[in-house]
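Engineer: Sequence and predicted structure below; questions after.
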Amino acid sequence: MKMAYDYALVHLKFTIPLALLLTGIAYPILHRIHFLQIASLIVLSFTATLPWDSYLVKQKVWTYPPDAIIGPRLWRVPIEELFFFVIQTYITSLFYILLSKPLFHPLYLKNQRNTPAWISRGKLLGQGILIALTLYGAHLIRAGGTGTYLGLILAWALPFALITFTAAGKFILSLPLTSTVLPILIPTIYLWLVDELALGRGTWSIQSGTKLDVRLFGALEIEEATFFLVTNMLIVFGQAVFDQYLAVIFAFPHLFPTVTRYPTPMMIVQSRLLNTSQYDLERIRGLEDAVLRLKRKSRSFYLANSLFIGRLRIDLILLYSFCRLADDLVDDSKSQAEVHSWTSKLYRYLDVHYKTKAASTITPSQYISEAFPPSARSALTYLPASILPPEPLYELIQGFEMDSQFSFSTSPTSSESFPIQTEADLDRYGQCVAGTVGELCVALIIHHCDPHMPAEKQQLLRSASRRMGVALQYVNIARDIVTDAEMGRVYIPATWLKEAGLTHAELIASPRGPVVEALRKRLLDDAFSMYRAARPSMDQIPSDARGPMVGAVETYMEIGRVLRESDEFVLRKGKATVPKFRRGKTILKALYTS
Ligand SMILES: CC(C)=CCC/C(C)=C/CC/C(C)=C/CC/C(C)=C/[C@@H]1[C@@H](COP(=O)(O)OP(=O)(O)O)[C@]1(C)CC/C=C(\C)CC/C=C(\C)CCC=C(C)C
């Protein structure tokens, strides 16, 4: 028995539950910008589909048995069908957003100078195919008869596909297939199955005489299968066009000096109208270097970076790249003189940037190419220095200088020669190498997310971020006791060693065993008490950055939790790491709860 709400039931059973499920999954990574993207696409697809669908109903190509629909119509199109335009766009957009979340879109921007030949050829081929199929569609319509419906689909949808592919073809082709083909195929196959069930029940039908009567499988007409495929392709292409324009806005400060929290429609238009020859390809290469450095050196922050969006994500990656480079320059030095040479150059680099010394007539880029090797240049060139406070950057270099005292101590076995004698020294060291990093991260967050934040709140976040940075550094030290000892380094304060009855030389010779474990536990206890003190202030971080920042901090603290749980055997086998699944769970928990 057929009911007047058969079509509505299709939504209740198949489309709405999937939309809700995807919303639940994507919720923690959705920003307002995604909603704007989806809403714009819904408006576009609604406006483009309504007249076409209305025409189909008028021509009786397409019929809805009156006993399968509730009743209200707009331009002859039943309300359930109108809802379909909306929900399909929503579902496919969410698949696209979820599957492209790990991507860093600026790296996929292409212009004449950086496009591989296969992409240029692929774009031309794609355009050719779309034009040919549009013409074929027009031919089928003109011929009338059984090819009419297929012709109407092709001649209506493919010109839109051609427009979007022309606007962003190179970008689309350079994206991994998992974020283009997959978000087209998954909802398409799902909707094929839904259609199969719905058509089987006669919820809607295609007029015989206007269809080819070829079925893909079961009762699924080839026209219906084509319709879902091409409309999902349109949605994914539409989303990619937006992402390309946003990537340009976020990646190029020389074209868009100030990016508001959410780019305005005017900025999107400007980005669209830009000649791609204006892309700063050097900067793109710099971003590539930075992402590579992040990927190679830190699993925790690499995972966390994809949770941020826009220019904040770019600037955090660039900040990481600078910190890592400066640390590596000092760490890899072969003598105290080399350390001194690098730190002097890094201080001078900051002087030049912040014009703190009269000598600063030279520009930062001149100084960078004069003083640093090519492999170091991009990390220095693209540090977003103009929006970072200088003091923590100077202090960070001081921290690296402290580190070098381990490697080049004049009497490496004497306990007095170790730079960390007391708890206060350890705290000072943590403040320098990690408290500063916390403060710099917060400066970027305030600049990008809430530049008018009241001064007291800024101060609260600054001091909490310094504490949190130190907590992370203690976890880092607790994790690396063995590897540090192998390099002759001991970060545990001399006073703690003395209390435990150990000398530096003994710890270096044998960095394992119950006494060392007790020291590790003491470090972790301190780390977690600082973490607990700073963690509530993270609720004051602007909402756009809060979840991702909590995620970044929590994945790092999870290393500490693993250390606390691990038995000596695990620790003896090597560095304690957080298993992938657990890391994923930690991030998700942080995102859902903050
Ligand atoms: C998401 C993203 C890309 C974040 C970037 C964060 C960033 C800029 C990190 C720089 C790290 C770095 C190379 C610093 C140099 C000194 C150093 C080595 C510090 C240790 C970091 C560990 O890095 P590593 O690459 O060794 O990582 P692995 O262990 O190998 O995975 C540190 C432990 C310090 C890290 C400290 C922070 C990131 C600061 C934390 C504080 C906040 C994020 C602020 C929280 C805010 C409030 C209000 C509490």
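Structural biologist: On my side now, so go ahead.

Engineer: I would like the residues contacting the helix or strand hosting residue 521, please.
Structural biologist: Element membership of residue 521 [criterion: DSSP states H and E] is helix 514-534. Outside helix 514-534, the residues within contact range by C-beta atoms under 8 Å, 6 or more residues apart in numbering are 464-465, 467-468, 470-472, 474-475, 477-478, 481, 492, 496-497, 500-502, 507, 553, 557, 560, 563-564, 568, 571. Every residue, glycine included, has its C-beta placed from N, CA and C.

Engineer: Likewise for stretch 295-304?
Structural biologist: 294, 320, 324, 548, 551-552, 555-556, 559, 577-578, 583, 587.

Engineer: again with stretch 113-123
Structural biologist: Residues outside stretch 113-123 that contact it (C-beta under 8 Å, 6+ apart) are 110, 165, 169-170, 173-174, 277, 281, 284.

Engineer: Among these, which one sits closest to the ligand?
Structural biologist: residue 284 (17.9 Å; C-beta to the nearest ligand atom).

Engineer: Go through whichever helix or strand that closest one is part of and flag the buried ones.
Structural biologist: In this structure, residue 284 sits in helix 281-297 according to DSSP H and E. Neighbour counts over helix 281-297 (16 or more other C-beta atoms under 10 Å) mark 283-284, 286-287, 289-291, 293-294 as buried.

Engineer: can you redo the residues you listed as JSON lines with distance to the ligand?
Structural biologist: Listed next are the buried residues of helix 281-297 as JSON lines, based on distance: C-beta to the nearest ligand atom, whole Å:
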{"residue": "283", "distance to the ligand": "17"}
{"residue": "284", "distance to the ligand": "18"}
{"residue": "286", "distance to the ligand": "15"}
{"residue": "287", "distance to the ligand": "12"}
{"residue": "289", "distance to the ligand": "14"}
{"residue": "290", "distance to the ligand": "9"}
{"residue": "291", "distance to the ligand": "10"}
{"residue": "293", "distance to the ligand": "9"}
{"residue": "294", "distance to the ligand": "6"}
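
Engineer: So for residue 58, what's the nearest residue that isn't a sequence neighbour?
Structural biologist: Counting by C-beta to C-beta, 6 or more residues apart in numbering, residue 58 lies nearest to residue 76, which is 6.1 Å off, once chain neighbours are set aside.

Engineer: who's in contact with the residue nearest to residue 106 when sequence neighbours are not counted?
Structural biologist: In this structure, residue 106 finds its nearest non-sequential neighbour in residue 251, 3.7 Å apart by C-beta to C-beta, 6+ apart. Contact analysis of residue 251 by C-beta under 8 Å, 6+ apart lists 106, 109, 280, 283-284, 287, 314.

Engineer: Tell me how far residue 251 lies from residue 368.
Structural biologist: Distance of residue 251 to residue 368, given as C-beta to C-beta, to the nearest Å: 20 Å.

Engineer: do residue 118 as well
Structural biologist: Distance of residue 118 to residue 368, given as C-beta to C-beta: 34 Å.

Engineer: Who has more neighbours out of the two?
Structural biologist: Ranked by neighbour count (other C-beta atoms under 10 Å), residue 118 and residue 368 place residue 368 first, with 20 against 11.

Engineer: Hmm, that one is touching residue 349, no?
Structural biologist: Yes: look at residue 368 against residue 349 with C-beta atoms under 8 Å: they come within range, at 6.9 Å.

Engineer: Tell me the residues that contact both of the two, please.
Structural biologist: Counting by C-beta under 8 Å, 6+ apart, the residues touching both residue 368 and residue 349 are residue 380.

Engineer: before we move on, the earlier item: switch the contacts of residue 251 over to TSV; also include distance to residue 404 and pLDDT.
Structural biologist: As requested, the contacts of residue 251 are exported to TSV (distance: C-beta to C-beta, whole Å; pLDDT from 0 to 100):
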residue	distance to residue 404	pLDDT
106	35	97
109	39	96
280	35	95
283	32	97
284	34	97
287	30	98
314	31	97
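
Engineer: and which of these is nearest residue 228?
Structural biologist: Taking C-beta to C-beta as the measure, residue 228 lies nearest residue 109 of the contacts of residue 251, at 30.3 Å.

Engineer: what sits against that closest one?
Structural biologist: Neighbour list for residue 109: 171, 244, 247-248, 251, 276, 279, 284 [criterion: C-beta under 8 Å, 6+ apart].

Engineer: List the contacts of whichever residue of the chain sits closest to the ligand.
Structural biologist: Distance from the ligand to each residue of the chain (C-beta to the nearest ligand atom) is smallest for residue 438, at 3.1 Å. Counting by C-beta under 8 Å, 6+ apart, residue 438 touches 465-470, 472.

Engineer: and the angle for whichever strand or helix holds it with helix 514-534?
Structural biologist: Element membership for residue 438, per DSSP H and E: helix 436-449. Orientation check (axes from the mean of the first three to the mean of the last three C-alpha atoms, to 10 degrees): helix 436-449 against helix 514-534 gives 30 degrees.

Engineer: immediately after helix 436-449, which helix or strand?
Structural biologist: Going down the chain from helix 436-449, the next helix or strand is helix 455-479, by DSSP H and E.

Engineer: Contact residues of the stretch 201-350 of the chain facing the ligand?
Structural biologist: Counting by C-beta under 6 Å from any ligand atom, the residues of the stretch 201-350 of the chain lying close to the ligand are 294, 297-301, 304-305, 316-317, 319-320, 323-324, 327.

Engineer: Considering these, which possesses the most neighbours?
Structural biologist: For those, the largest neighbour count, defined by other C-beta under 10 Å, is 26 neighbours, found at residue 316.

Engineer: So it: helix, strand or coil?
Structural biologist: Using DSSP: H, G, I helix; E, B strand; the rest coil as the criterion, the local structure at residue 316 reads helix.

Engineer: now the stretch 101-250 of the chain, which segments are flagged as low pLDDT?
Structural biologist: Low-confidence segments of the stretch 101-250 of the chain, defined by pLDDT under 70: 199-202.

Engineer: so where do the helices sit in it?
Structural biologist: 117-143, 148-174, 181-200, 222-251 (DSSP state H, counting those that start in this stretch).

Engineer: got it, and the stretch 251-400 of the chain?
Structural biologist: Remark: helices assigned in the stretch 251-400 of the chain by DSSP H, counting those that start in this stretch are 265-273, 281-297, 299-305, 310-331, 336-354, 364-371, 374-381, 390-407.

Engineer: And the pLDDT at the residue lying closest to residue 83 once chain neighbours are set aside?
Structural biologist: Closest residue to residue 83 apart from its sequence neighbours, by C-beta to C-beta, 6+ apart: residue 11 at 6.1 Å. The model reports residue 11 with a pLDDT of 92.

Engineer: Ramachandran coordinates for residue 11?
Structural biologist: With angles defined as degrees, to the nearest 10, residue 11 sits at phi -70, psi -50.

Engineer: In this structure it contacts residue 79, no?
Structural biologist: No: the criterion here is C-beta under 8 Å, and residue 11 misses it with residue 79 at 10.3 Å.

Engineer: Would you mind confirming that residue 497 is in contact with residue 504?
Structural biologist: Yes: with contacts counted by C-beta under 8 Å, residue 497 reaches residue 504, the gap being 6.6 Å.

Engineer: Around the ligand, pick out the residues from this protein.
Structural biologist: 294, 297-301, 304-305, 316-317, 319-320, 323-324, 327, 433-434, 437-438, 441-442, 461, 464-465, 468-469, 472-473, 476, 534, 537-538, 541, 549, 552-553.

Engineer: Produce a ChimeraX select command limited to the buried residues of the contacts of stretch 113-123.
Structural biologist: Selection of the buried residues among the contacts of stretch 113-123 in ChimeraX, burial being defined by 16+ other C-beta under 10 Å:
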select :110,165,169,170,173,174,284
